[in-house]
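Asker: One predicted model, sequence on top.
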Amino acid sequence: MENRTDATEARLRELKACYQEAKKYSKVNEIEYFLLSREAAKVSIAVIGQSGSGVSTLVKALIGQKKQEAAVDDNDDKFYNPDPTSEAVRYPYRWSPNTVIWDHPGLKTAQQPEQYLSNIKDEYNIVLIAAPDHIDECLLKLITAVYYKGKTIYVIRTKADIDIHSAKRRQRSKFNWKKTLKTMRDQYTEILGKAKLNKVPVFLVSSFELRQFDFFWLQDCLQKDIMGHERKSADNFDEWKHTREDSMKHFYTAFETGEMAALVEKIQSSLSTPEGLKLDIAVTGEDKSGKSTFINALRGLQCDDDGAAEINIVETTRLAKAYQHARFPNVTIWDLPGIGGLKFPPERYSEKVSLHNYDFFIIVTADCYKCVHSTLVKTILSMGKKFYFVRNKIDIDYETCQRREKLKGEKRHVLMTVKQSCLNALKDEGVVSPQVFLVSSTNPSVFDFQNLQDGLAQALVNLKKTAFLQLIPVIITHVIRRRQRDLMAIAWATAEQICLVSIEDSHIKAGFKLTTILSSFCEQLGLLEPSLRQIAKMAGKAVQQLELSIKSPLAKYTSQEEVLKLVTKCPSWNSTIQSYISFWGSSCTEPVSFTATYKFIKDAIRDLSEDAERVLKTALDCDS
């Protein structure tokens with residue numbers, strides 16, 4: 001990209017010399033205006049942090065520089081250490097050619113944040129702060145100082161892979177990936193929250209393992225801020241962070257190797273064979289309700305069998321633990337920490353254990369329906385998901401009832417009374433057709449345990465299908481976002497080409513080129529009629545129904561005259577730039593503004609991408 005920019009500038013210098021010699025000063029003015037407006041449209045990003053926090057390595061990962069491209073003699077060692085940066089180094093950002101990333105020297109141990117920041121220019125638009133495995137007082141001062149300068153700021157916990165590796169060695173069999181990542185993130189957000197820096201986003205990255213952790217989320221957020229569009233809400237960030245990469249890669253491949261119709265076909269194929277889809281079942285409830293024993297019984301294991309969930313009379317589950325079921329393929333059963341303890345209060349339970357990550361729930365209780373169960377039920381219903389309510393240890397309750405003379409009665413009557421109590425409580429919460437099972441995890445051959453297993457086996461296909469349907473909007477958003485990012489990467493060079501054509505040739509040809517480029521964007525996003533017909537045919541929809549989802553007028557026919565009016569109308573601040581340019585003559589037409597052209601192309605990509613999302617969601621019946 002840098003070579004292309006150099007070539008553009010060289011061509012402009014050559015043209016300028018020719019026009020000056022021919023006394024065509026209006027053309028010289030256009031070239032000068034183009035160069036100034038192009039420079040004014042650039043975005044600068046500073047990457048700073050403490051020495052040894054991996055600032056330079058992070059920069060190289062962001063710009064897409066491979067290890068072998070780095071000028072470092074690392075003897076093929078994976079964890080190489082680049083030479084410490086002694087002065088700020090400038091790099092082009094490959095995903096957005098109007099953007100420059102600056103690699104700054106690290107903050108030294110004895111250096112004060114104020115002194116460090118005095119050497120960093122104020123004109124940076126975005127500041128990325130690389131941080132080690134903890135935020136000390138000095139680093140917090142640095143983050144606070146940058147934040148109150150009014151900059152867009154990211155805090156990036158680098159070397160997350162090393163932290164994870166260390167946690168694995170410490171925790172051994174008790175290690176849980178998701179829980180460890182959440183703990184790492186919480187350490188940062190808690191410190192920033194106390195300093196009233198709650199709005200500062202935190203990212204966990206490894207500059208070597210880019211597919212893991214938050215690197216792609218970081219790229220996505222960075223691109224949005226570069227574009228100048230408002231950042232999405234935290235809830236959508238969570239949706240982005242926690243979506244399984246293995247669930248997404250097949251759809252990325254289908255889209256990248258074909259058209260939009262290929263993505264629709266892949267999604268419909270997955271829906272038609274839901275047996276191969278993955279399902280995460282969370283077993284939750286209060287401490288000492290017998291969740292781990294229940295999971296062992298569900299998997300057909302005794303507590304002392306290999307691979308069985310750990311059983312103890314005190315609370316044992318501190319981290320979510322995953323177990324596979326031999327009878328149910330592609331199903332993972334998760335043993336969650338109990339709700340209601342000191343570490344997992346009901347009001348923060350959903351956030352602490354990330355309930356939104358799971359597709360189906362089994363609420364286990366060894367007592368009557370309580371407020372904690374009400375909290376769980378309401379949270380699950382708000383996510384649009386389903387659950388089973390399991391009354392565990394029912395054998396103990398039944399025997400207790402039988403020993404009490406005044407409560408003697410038939411076994412069936414006692415059990416029906418307990419079940420009806422649970423059903424009534426769930427119906428009061430607004431649950432339609434609640435599923436309640438009375439079980440004894442230590443004696444699964446009696447009561448409702450077999451009914452629960454059979455019911456779960458029969459419901460698995462529908463549960464997998466429902467879970468996948470909820471994932472489809474996320475898949476569509478991610479896939480379109482990738483295509484949008486690819487198009488944004490060429491927006492700068494495209495705007496340069498349009499302006500060069502208008503200078504070298506004519507406005508008419510510049511208008512023709514711009515409309516051709518818009519048509520190309522529509523084709524790549526599946527918005528042209530042939531693609532819409534294919535999608536409509538696969539989805540069983542009318543083409544007109546899909547066309548109604550398209551809101552941008554740019555997806556339809558746009559004349560050259562109309563687009564030229566948009567790119568020759570300069571934003572008000574450009575008039576300031578023009579006032580510093582000497583005019584030796586006047587042109588019969590306004591010059592094509594680089595700033596307006598670049599903004600027009602960016603806005604077109606954004607609007608057309610949103611149209612593409614709407615079309616696919618309409619085709620797949622997930623308009624939400």
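Answerer: Good, I have the coordinates.
Asker: ranges for the helices of the stretch 301-450 of the chain?
Answerer: 346-353, 371-382, 394-403, 411-428, 449-489 (DSSP state H, counting those that start in this stretch).
Asker: do you know which of these lies nearest T284?
Answerer: Among the helices of the stretch 301-450 of the chain, the nearest to T284 by Cβ to Cβ is helix 371-382 (6.3 Å). In short, each C-beta sits where N, CA and C put it, glycine included.
Asker: mind listing what's buried in the closest one?
Answerer: Buried residues in helix 371-382, defined by neighbour count with 16 or more other Cβ atoms under 10 Å: 372-373, 375-377, 379-380.
Asker: Stretch 378-395: end-to-end distance?
Answerer: Start-to-end span of stretch 378-395 (Cα to Cα, to the nearest Å) is 28 Å.
Asker: try stretch 522-541
Answerer: Stretch 522-541 stretches 20 Å from its first residue to its last (Cα to Cα).
Asker: now stretch 150-161
Answerer: One end of stretch 150-161 to the other measures 31 Å (Cα to Cα).
Asker: How about stretch 165-184?
Answerer: Stretch 165-184 stretches 13 Å from its first residue to its last (Cα to Cα).
Asker: Give me the contact list for it.
Answerer: Outside stretch 165-184, the residues within contact range by Cβ atoms under 8 Å, 6 or more residues apart in numbering are 157, 160, 163-164, 204, 213, 319-322, 352, 354, 357.
Asker: Just those residues: which are in strands?
Answerer: Of the contacts of stretch 165-184, the ones assigned to strands by DSSP state E are 157, 204, 321-322.
Asker: Closest to D335 out of the residues you listed?
Answerer: Of all the ones in strands among the contacts of stretch 165-184, D335 sits closest to K321, with 4.6 Å by Cβ to Cβ.
Asker: so can I have TSV of the ones in strands among the contacts of stretch 165-184 showing neighbour count?
Answerer: Listed next are these as TSV, based on neighbours: other Cβ atoms under 10 Å:
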residue	neighbour count
R157	25
L204	24
K321	22
A322	12
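Asker: for those residues, which one is nearest S559?
Answerer: Among the ones in strands among the contacts of stretch 165-184, L204 lies closest to S559 (Cβ to Cβ), at 48.9 Å.
Asker: Hmm, S441 is touching G300, no?
Answerer: No. Contact status for S441 versus G300: not in contact, 11.9 Å apart, counting by Cβ atoms under 8 Å.
Asker: for the chain, what helix or strand is lowest in average pLDDT?
Answerer: Among the helices and strands of the chain, helix 234-242 carries the lowest confidence by mean pLDDT, DSSP states H and E, at a mean of 37.
Asker: Name the SS class of T284, please.
Answerer: The three-state label given to T284 by DSSP: H, G, I helix; E, B strand; the rest coil is strand.
Asker: May I ask you to confirm that it is in contact with K291?
Answerer: Yes. Contact criterion Cβ under 8 Å: T284 and K291 qualify, at 7.2 Å.
Asker: Any stretches of the stretch 451-600 of the chain with poor pLDDT?
Answerer: 557, 569-591 (pLDDT under 70).
Asker: Return the member of the buried residues of helix 371-382 nearest to V418.
Answerer: Lowest distance from V418 to the buried residues of helix 371-382 (Cβ to Cβ) belongs to H373, with 14.2 Å.
Asker: Make JSON lines from the ones in strands among the contacts of stretch 165-184 and add distance to Q497 and pLDDT to it.
Answerer: Shown next, in JSON lines, are the ones in strands among the contacts of stretch 165-184 (distance: Cβ to Cβ, whole Å; pLDDT from 0 to 100):
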{"residue": "R157", "distance to Q497": "40", "pLDDT": "90"}
{"residue": "L204", "distance to Q497": "39", "pLDDT": "90"}
{"residue": "K321", "distance to Q497": "56", "pLDDT": "85"}
{"residue": "A322", "distance to Q497": "52", "pLDDT": "85"}
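Asker: which of these lies closest to K121?
Answerer: Set against K121, the nearest of these by Cβ to Cβ is R157 (25.2 Å).
Asker: tell me the contacts of that closest one?
Answerer: By Cβ under 8 Å, 6+ apart, the residues touching R157 are 131-133, 163, 184-185, 188, 202-205.
Asker: Low-confidence ranges, this protein, go.
Answerer: Applying pLDDT under 70 to the chain flags the ranges 1-41, 66-85, 97, 122, 227-258, 312-318, 401-411, 557, 569-591, 623-624.
Asker: ok, back up a step: neighbour count winner among S441 and G300?
Answerer: S441 (25 against 12; other Cβ atoms under 10 Å).
Asker: just to revisit the earlier point, select from the contacts of R157 every entry located in helices.
Answerer: Within the contacts of R157, residues falling in helices by DSSP state H are 163, 184-185, 188.
Asker: Identify, from these, the entry nearest to A110.
Answerer: Among these, Y188 lies closest to A110 (Cβ to Cβ), at 24.3 Å.
Asker: And for the closest one, the neighbour number?
Answerer: Neighbour count of Y188, defined by other Cβ under 10 Å: 21.
Asker: That one contacts I135, correct?
Answerer: Yes. Taking contacts as Cβ under 8 Å, Y188 lies within contact range of I135: 6.3 Å.
Asker: Give me the common contacts of these two.
Answerer: Listed contacts common to Y188 and I135 are V155; contacts here mean Cβ under 8 Å, 6+ apart.
Asker: Let me see the ranges of the strands in the chain.
Answerer: Along the chain, counting by DSSP E, strands occupy 43-49, 89-92, 99-103, 126-131, 152-157, 202-204, 279-285, 321-324, 331-335, 360-365, 386-391, 436-438.
Asker: Nearest to T568, out of these?
Answerer: With Cβ to Cβ as the measure, strand 43-49 is the member of the strands of the chain nearest T568 (23.5 Å).
Asker: Now do L546 against G300, distance only.
Answerer: When distance is defined by Cβ to Cβ, to the nearest Å, L546 is 48 Å away from G300.
Asker: what's the answer for K159, then?
Answerer: Between K159 and G300 the distance is 42 Å, computed by Cβ to Cβ.
Asker: Could you do H507 as well?
Answerer: 76 Å.
Asker: got a winner among the contacts of R157 for most neighbours?
Answerer: V205 (27 neighbours).
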